[in-house]
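Colleague: What shape does this take:
(one chain, ligands or ions: 1)
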Amino acid sequence: MPFKPLQFTPLPDNEMIQRSSTFREQLATRRSVRHFSTKEVPMEVINNVVMTASSAPSGANKEPWTFVIVKDPKIKRDIRIAAEKEEKAFYDHRAPDEWLADLEPLGTDWHKPFLEDAPFLIVVFKKIYGMEEDLQFKHYYVNESVGIASGFLLAAVHQAGLMALTHTPSPMGFLSKILKRPENERAFLLIPVGYPAEDAEVPVLTKKTFEEVAEVF
Ligand code: IYR
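Modeller: Model (predicted):
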């Protein structure tokens, strides 16, 4: 593998502090929404946010992910029907009481209209191993890698001025079938992207403080 000089311009402390603070404030306004508008979003934005995600670091740079972008209303409908079937079972009997109690403040239930309303669903698949032609090769730190890429994706969607939801219907096997994924791929997250509905509301949540989430030695 050839190497090249790193392009790097150091910033003065005051500018670093200013930029990190501005970014913190911008990202702190990100919210998950569950009520999407059907308003169209340009495909180019989706292309950009997916390529931001795909710029993430990954184990041995294997980029063990596929972002399946769904805009076809018929496929979105199939996904909604299959997801709601699993979610109904989850809310009706699969979920332990403690889990349901933890979800109570979020106001979620098995109805998932956002799977049809949002103009785009980005389904993130992790590749548990690589496959080229018929040859299999190893991937490393797949969950970490795909988690980081998904974080980049959420930040990029927010930066673009749009909303996303990290949705995890459980189990997610139906997504492999509907989206015809190969044997080496497993659904990781289902992320509707779009504008919020005009009457969208979000729960009042608090975030932990620096002292609660960090330790300094
Ligand atoms: N998958 C369900 C339940 C759910 C689970 C967690 I953890 C959440 O933070 C939110 C919802 C659903 O999407 O409703």
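
Colleague: What distance do you get for residue 127 to residue 195?
Modeller: Using C-beta to C-beta, to the nearest Å, residue 127 is found at 31 Å from residue 195. C-beta coordinates here come from the backbone N, C-alpha and C atoms, glycine included.

Colleague: Tell me, how many residues neighbour the nearest residue to residue 178 once chain neighbours are set aside?
Modeller: Among residues not flanking residue 178 along the chain, residue 78 sits closest, at 5.2 Å (C-beta to C-beta, 6 or more residues apart in numbering). Using other C-beta atoms under 10 Å, residue 78 is surrounded by 17 other residues.

Colleague: in the helix or strand containing residue 78, what counts as buried?
Modeller: Element membership for residue 78 (DSSP states H and E) is helix 73-89. For helix 73-89, a neighbour-count test (16 or more other C-beta atoms under 10 Å) marks 76, 78, 79, 80, 82, 83, 84, 86, 87 as buried.

Colleague: which residues does the residue of the chain found nearest the ligand contact?
Modeller: For the chain and the ligand, the shortest gap (C-beta to the nearest ligand atom) falls at residue 108, measuring 4.0 Å. By C-beta atoms under 8 Å, 6 or more residues apart in numbering, the contact set of residue 108 is residue 34.

Colleague: With the one 5 residues further on instead?
Modeller: Taking C-beta under 8 Å, 6+ apart as the definition of contact, the neighbours of residue 113 are 35, 80.

Colleague: let's see it at 10 Å
Modeller: By C-beta atoms under 10 Å, 6 or more residues apart in numbering, the contact list for residue 113 reads 34, 35, 36, 80, 84, 197.

Colleague: Since that was my last question, I'll sign off now.
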